[in-house]
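# Predicted model and sequence follow; I will ask about them next.
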Amino acid sequence: MSKEPVGSLAEEAARLFAVLQSAADTHAGPAPAEPAPEQEHEHKAGPDCVWCPVCQLINKVRNTSPETIEQLSTAAAHVLGSVRTLLESAAEVARQKQEDAASRSSKSEEESATPSKVDRIDVSEDPEPWD
């Protein structure tokens with residue numbers, strides 16, 4: 001573990017990308033010769049493509065063990081399941097708030113129709129936070 005301070009999300013992503021890039025460079029072997037300037041942005045299909053990130057990703061996946069691919073896909077499925085659960089719970093909270101607001105408005109209409117000797121004080125919502 002290093003004692004470096006934790007940076008922002010962008011800084012940490014840049015650090016991760018730099019580490020992954022250096023790891024990819026060390027495993028890739030010697031760098032290919034510099035392409036001619038007119039061919040710099042030309043897409044070469046297959047493993048010879050050094051410019052296209054999609055081809056590089058495909059090449060990395062082909063050279064990765066099936067167990068690693070299975071672990072990554074399982075982890076991605078768990079992350080997506082967690083996101084789905086989070087969104088479902090947020091939707092449930094929003095639905096519950098709507099039902100509560102609707103029941104409060106119908107109760108207030110009923111209470112306003114019949115005069116009461118007791119004043120109702122709503123303590124559920126505080127306009128100013130305590131802190």
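That came in fine, so what should we check first? Numbers count the residues shown, from 1 in each chain.
# make it CA atoms for all contacts and neighbour counts henceforth
Noted.
# any idea of the mean pLDDT in the helix ranked longest in the chain?
In terms of residue count, the longest helix belonging to the chain (DSSP state H) is helix 66-113. Averaging pLDDT along helix 66-113 yields 87.
# Likewise for stretch 123-131?
Mean pLDDT, stretch 123-131: 66.
# ok, residue 84 to residue 100 distance?
Separation of residue 84 from residue 100 (Cα to Cα, to the nearest Å): 24 Å.
# Sorry, wrong one. I was asking about residue 79.
Relative to residue 100, and taking Cα to Cα, residue 79 is found at 32 Å.
# repeat for residue 92
12 Å.
# With residue 73 instead?
40 Å.
# If we go by neighbour counts, what in the helix or strand containing residue 55 is buried?
Using DSSP states H and E, residue 55 maps to helix 53-62. For helix 53-62, a neighbour-count test (16 or more other Cα atoms under 10 Å) marks 55, 56 as buried.
# what helices or strands is that helix leaning on?
Taking 3 or more Cα pairs under 8 Å, 6 or more residues apart in numbering; DSSP states H and E as contact, there are no helices or strands that helix 53-62 lies on.
# mean confidence for that helix?
The average pLDDT within helix 53-62 is 80.
# Can I get that helix as PDB, trimmed to CA atoms?
The C-alpha trace of helix 53-62 is given here as PDB (Å, rounded to 0.1, in the frame of the first residue of the first chain):
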ATOM      1  CA  PRO A  53      -9.100   0.900 -28.900                       C
ATOM      2  CA  VAL A  54     -11.800  -1.600 -30.000                       C
ATOM      3  CA  CYS A  55      -9.300  -3.800 -31.700                       C
ATOM      4  CA  GLN A  56      -6.900  -3.500 -28.800                       C
ATOM      5  CA  LEU A  57      -9.700  -4.600 -26.400                       C
ATOM      6  CA  ILE A  58     -10.700  -7.500 -28.600                       C
ATOM      7  CA  ASN A  59      -7.000  -8.600 -28.700                       C
ATOM      8  CA  LYS A  60      -6.800  -8.300 -24.900                       C
ATOM      9  CA  VAL A  61      -9.900 -10.400 -24.500                       C
ATOM     10  CA  ARG A  62      -8.600 -13.100 -26.900                       C
END
